[in-house]
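Enquirer: What follows is a predicted protein model with its sequence.
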Amino acid sequence: MLHTPATLRARSEAAAAALPGLLMSADRLAATVLLGEHGRKRAGPGDAFWQFRAAQAGDPRRSIDWRQSARGDAHFVRETEWQAAQSLMLWVDDAASMSFASGKRPSKLRRAQTLALALAVLAVKAGERTGLATLPEPPRGGRAQLIRLADALMEGGDRPDYGAPRPRVMPMGARAVFLSDFLGLPEPVADALTAAADRGVRGVLVQILDPEEEAFPYDGRTLFESMSGTLRFETLKAGQLRDDYLFRLAARRAALRDLCSRTGWRFHLHHTDASPEAALLSLYTALERHR
């Protein structure tokens, strides 16, 4: 593709026009999930004060806050927030295959972007930090970070037919969510989850598919073409390919589930004709179990 100032500006303007809509959709979606009083915060290694609690048998003497304890007859321990557990890392596959959409349904990419940003909204509201695993910047909190994430998610550019997670930032003990159709090579996915598990990172693998990719409603003469147009295959008997296609799709899904089981992650399947609210609640609940 020829890159010129005009084409770059056109892509930038198109992304900027979609940015407010993406943020608005994510905000509305996040509003469907109610946060508890303390969100996901819990005690653990860190610097930020969380709460005082009564000292218990086995607490080291140095952990007692003598100033707070001097105000009464009991001893109190000063607890800090577990900083590692407050980092949520996201990866959204923006490969060409994710642009597929049948009928009036949203594309797989737009659904993935909306779910990811809604999770980021929930994390920020709970006082957590969030970031994109593909960016060199560390996770941050605050509304400004949500705008940065939305901007990065909408960024255009040349895209391969299928994506693969190659995280650049993955803090120790963080949680993560990877969203993709996972129709590309499986090896990079296995490498990414294995490396994440080695760093104590747990999360959710979300496979997003269009209903037509599950049903394979094709018969007779059909031309199959990749979203980028680089791959083409024509057949006169598309219906005869259905069983083999569905077998391969099921095998890929089974492999993803097995990979998640081995690395301590969770697997979630989502179709673009299904409720995004239900998907977000399921993801939020799964992340809570990784606290």
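Expert: Thanks, I have the structure now.
Enquirer: would you list every one of the helices in the chain?
Expert: For the chain, the helices defined by DSSP state H occupy 5-30, 66-69, 108-125, 143-153, 187-198, 211-215, 242-263, 276-288.
Enquirer: Quick check: which of those helices is nearest to Met172?
Expert: helix 187-198 (9.8 Å; C-beta to C-beta). Where you see a C-beta, it was placed from the backbone N, CA and C, and this is true even at glycine.
Enquirer: Output the closest one as CSV, nothing but the C-alphas.
Expert: The C-alpha coordinates for helix 187-198 follow below in CSV (Å, rounded to 0.1, in the frame of the first residue of the first chain):
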residue,chain,number,x,y,z
GLU,A,187,2.2,-21.3,18.3
PRO,A,188,2.5,-17.6,19.1
VAL,A,189,-0.5,-17.9,21.4
ALA,A,190,1.0,-20.8,23.3
ASP,A,191,4.3,-18.9,23.6
ALA,A,192,2.6,-15.7,24.9
LEU,A,193,0.5,-17.6,27.5
THR,A,194,3.4,-19.7,28.7
ALA,A,195,5.6,-16.6,29.1
ALA,A,196,2.8,-14.8,31.0
ALA,A,197,2.3,-17.8,33.3
ASP,A,198,6.0,-17.8,34.1
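Enquirer: quick one on the thing from earlier: as TSV, the helices of the chain with mean pLDDT and distance to Ser97 would be great.
Expert: Output for the helices of the chain, formatted as TSV (pLDDT from 0 to 100; distance: least, C-beta to C-beta, whole Å):
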stretch	mean pLDDT	distance to Ser97
helix 5-30	60	19
helix 66-69	78	56
helix 108-125	92	8
helix 143-153	90	17
helix 187-198	95	14
helix 211-215	91	10
helix 242-263	94	13
helix 276-288	88	19
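Enquirer: Pick the most deeply packed of these.
Expert: Most buried of the helices of the chain by mean neighbour count (mean count of other C-beta atoms under 10 Å) is helix 108-125; its value is a mean of 25.
Enquirer: Okay, angle between that helix and helix 143-153 too, please.
Expert: On the basis of axes from the mean of the first three to the mean of the last three C-alpha atoms, to 10 degrees, helix 108-125 is oriented at 170 degrees to helix 143-153.
Enquirer: Packing partners of helix 108-125?
Expert: Using 3 or more C-beta pairs under 8 Å, 6 or more residues apart in numbering; DSSP states H and E, the elements in contact with helix 108-125 are helix 5-30, strand 87-92, strand 129-132, helix 143-153, strand 175-180, strand 202-209, helix 276-288.
Enquirer: Output the helices of the chain in a markdown table, with distance to Ala133 appended to each entry.
Expert: Output for those, formatted as a markdown table (distance: least, C-beta to C-beta, whole Å):
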| stretch | distance to Ala133 |
| --- | --- |
| helix 5-30 | 18 |
| helix 66-69 | 39 |
| helix 108-125 | 11 |
| helix 143-153 | 11 |
| helix 187-198 | 9 |
| helix 211-215 | 25 |
| helix 242-263 | 15 |
| helix 276-288 | 15 |
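Enquirer: can you give me the offset of stretch 270-280 from its chain's centre?
Expert: Distance of stretch 270-280 from the chain centroid (C-alpha atoms, centre = their mean, to the nearest Å) equals 14 Å.
Enquirer: I would like the residues contacting stretch 247-267, please.
Expert: 182-183, 186, 189-190, 193-194, 196-197, 202-205, 207, 213-214, 269, 286, 289-290 (C-beta atoms under 8 Å, 6 or more residues apart in numbering).
Enquirer: On the pLDDT front, check the residue nearest to the spatial centre of the chain for me.
Expert: The centroid of the chain falls nearest to Val177 when counting by C-alpha atoms, centre = their mean (3.1 Å). We have a pLDDT of 97 for Val177.
Enquirer: That one: what's it in contact with?
Expert: Val177 neighbours (C-beta under 8 Å, 6+ apart): 88-91, 116, 119, 203-204, 206, 283, 287.
Enquirer: so which of the helices and strands packed on helix 108-125 gets nearest Gln56?
Expert: helix 276-288 (25.2 Å).
Enquirer: Name the residues that touch that closest one?
Expert: Helix 276-288 is contacted from outside by 29-30, 32-33, 40, 88, 111, 114-115, 118-119, 122, 175, 177, 203-204, 206, 266, 268, 270, using C-beta under 8 Å, 6+ apart.
Enquirer: let's see 6 Å
Expert: For helix 276-288, the external contacting residues (C-beta atoms under 6 Å, 6 or more residues apart in numbering) are 29, 32-33, 118, 175, 204, 266, 270.
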